[in-house]
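Engineer: here's a sequence, model it:
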Amino acid sequence: MDRPVVRPDQVTLGVLISQVSREEVDAAIEVCGVREQRSDGKLPAHVSTYLTLGLALFPDDDYTEVATRVTGSLDRFGCWDAAWSVPTSSAISQARKRLGRRVFAELFERTCGPVAGEAGPTAPAGALGTARGSFLRRWRLLAIDGFTVDVPDSTANAAEFGYAGSGGNRSAFPKARVVALAECGTHAFVAAEIGAYPEGEKTLAQRLYPRLRSDELLTADRGFYSWQAWDTAAATGAALLWRAPTQLDLPVVKILSDGTYLTVLIKPTVRGGRRERLLAAARAGADLTDINSVPDAFDDRGLPVVHLARVVEYDIPDRVGDGTGELIALITTIVDPADAHADELDDRFQGVSGRMRSGSAGSVGRCASCARSRRSGRGRVAGPGRRRR
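Structural biologist: Numbers count the residues shown, from 1 in each chain. Just a heads-up that it's a prediction; the model follows:
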């Protein structure tokens with residue numbers, strides 16, 4: 001018996017509708033108060049929502065082509081009335097205006113999230129497929145990165161998002177800046193912030209850190225580090241594994257059994273004698289989280305001004321092919337080698353390589369920046385403190 005031919009776009013839309021359910025769409029519509037009030041021939045709000053999502057999946061197709069595809073899929077999933085006709089381009093434009101943009105922010109919050117399964121000590125052993133790259137021991141691996149997206153060249157978008165460059169070097173379209181938390185391995189977005197192009201990635205990232213959880217391990221490139229960023233992210237209880245900026249001072253506090261070493265990250269406003277006392281207390285093994293033992297470790301509001309961290313340093317012998325090596329430093333909140341060995345952290349940071357890049361509206365984000373060039377072969381773990389004292 002001949003089987004019906006299934007087009008690739010039908011598979012794509014089928015996945016969309018199965019993952020973004022009618023129930024979640026209806027809930028977002030209710031929260032935003034944009035449900036149609038009467039049967040007046042206008043497109044139902046849930047249809048308008050799916051049509052808009054379809055336009056993002058197929059950015060190179062015109063409204064009518066996308067509408068034909070989407071309505072066919074909605075019919076198979078019971079979200080389309082056979083009595084309705086495929087909407088025209090004009091009808092879709094009007095429906096999108098009525099729907100507004102708040103629905104999609106609400107819908108994203110309802111449907112985004114990890115897909116690799118529950119985190120925990122046994123998660124790596126039970127993970128399959130792409131989910132194998134989603135865990136390190138008991139932690140779920142996340143990455144943070146940013147990218148830009150071209151938006152239609154309208155007066156409103158220009159005012160909202162701005163352009164890259166100026167004068168003759170100005171970009172052809174306004175650009176929105178996006179910073180996202182993504183699950184490594186599966187590339188599923190867990191959370192995201194969208195801002196104007198002039199807003200820096202660090203500014204948008206600062207809004208995401210409070211959403212971290214204690215069973216997650218966040219990887220980040222060196223461009224995301226600041227004292228405030230580390231302090232905010234660490235306060236959530238999540239584990240952190242970030243590449244350190246070249247200029248960051250990482251004094252050796254204690255050399256550990258696996259060749260890594262402990263250091264202290266001190267708030268930049270803390271200087272002079274107080275800074276030296278904090279370093280001495282850390283080297284003496286004092287508990288920097290106890291305000292009674294080390295009062296210098298806290299400000300007038302009782303907030304910490306220092307964090308103990310662990311440093312993993314390794315060499316890349318010939319990263320750019322000119323015979324010069326590069327020393328990479330990773331900093332982590334996982335201070336006990338028994339919880340994660342240096343090779344595990346090094347390999348995992350390499351494993352979540354790639355960056356979330358700008359692209360079409362249907363582009364898929366990828367995980368955080370690569371710590372080592374694949375063509376250079378395996379990096380060599382360096383001795384402690386070779387770059388910093």
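
Engineer: now name the helix or strand holding Ala156.
Structural biologist: Applying DSSP states H and E as the criterion places Ala156 in helix 155-161.

Engineer: what's the mean pLDDT across the helix or strand encompassing Ile194?
Structural biologist: In the assignment (DSSP H and E), Ile194 maps to strand 189-196. Strand 189-196 carries an average pLDDT of 93.

Engineer: same check, this time on stretch 34-45
Structural biologist: Stretch 34-45 comes out at a mean pLDDT of 68.

Engineer: cool, stretch 302-321 as well?
Structural biologist: For stretch 302-321, the per-residue pLDDT averages 84.

Engineer: buried ones in that stretch?
Structural biologist: 304-316, 319 (16 or more other Cβ atoms under 10 Å). Where you see a C-beta, it was placed from the backbone N, CA and C, and this is true even at glycine.

Engineer: next, format the residues you listed as JSON lines and append secondary structure.
Structural biologist: Shown next, in JSON lines, are the buried residues of stretch 302-321 (DSSP: H, G, I helix; E, B strand; the rest coil):
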{"residue": "Pro304", "secondary structure": "strand"}
{"residue": "Val305", "secondary structure": "coil"}
{"residue": "Val306", "secondary structure": "strand"}
{"residue": "His307", "secondary structure": "strand"}
{"residue": "Leu308", "secondary structure": "strand"}
{"residue": "Ala309", "secondary structure": "strand"}
{"residue": "Arg310", "secondary structure": "strand"}
{"residue": "Val311", "secondary structure": "strand"}
{"residue": "Val312", "secondary structure": "strand"}
{"residue": "Glu313", "secondary structure": "strand"}
{"residue": "Tyr314", "secondary structure": "strand"}
{"residue": "Asp315", "secondary structure": "strand"}
{"residue": "Ile316", "secondary structure": "strand"}
{"residue": "Arg319", "secondary structure": "coil"}
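
Engineer: which parts of the stretch 251-389 of the chain are helices?
Structural biologist: 272-283, 342-351 (DSSP state H, counting those that start in this stretch).

Engineer: out of the ones you listed, which comes closest to Arg137?
Structural biologist: Closest to Arg137 of the helices of the stretch 251-389 of the chain is helix 342-351 (Cβ to Cβ; 7.7 Å).

Engineer: and the helices of the stretch 251-389 of the chain, which is most packed in?
Structural biologist: helix 342-351 (a mean of 20; mean count of other Cβ atoms under 10 Å).

Engineer: packing partners of that one?
Structural biologist: Under the contact criterion of 3 or more Cβ pairs under 8 Å, 6 or more residues apart in numbering; DSSP states H and E, helix 342-351 touches strand 135-136, strand 239-243, strand 306-316, strand 326-332, strand 380-381.

Engineer: among those strands, which is nearest Glu23?
Structural biologist: strand 135-136 (29.4 Å).

Engineer: packing partners of that closest one?
Structural biologist: Strand 135-136 packs on helix 123-126, helix 342-351, going by 3+ Cβ pairs under 8 Å, 6+ apart.

Engineer: what are the pairing partners of the very next helix or strand once past it, and which direction each?
Structural biologist: Using DSSP H and E, the helix or strand that follows strand 135-136 in sequence is strand 139-150. The sheet places strand 139-150 alongside strand 135-136 (antiparallel), strand 175-183 (antiparallel), strand 216-220 (parallel), with pairing taken from DSSP bridges.

Engineer: now the ones you listed in TSV, with distance to Gln19?
Structural biologist: Formatted as TSV, the strands paired with strand 139-150 follow (distance: least, Cβ to Cβ, whole Å):
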stretch	distance to Gln19
strand 135-136	22
strand 175-183	14
strand 216-220	22
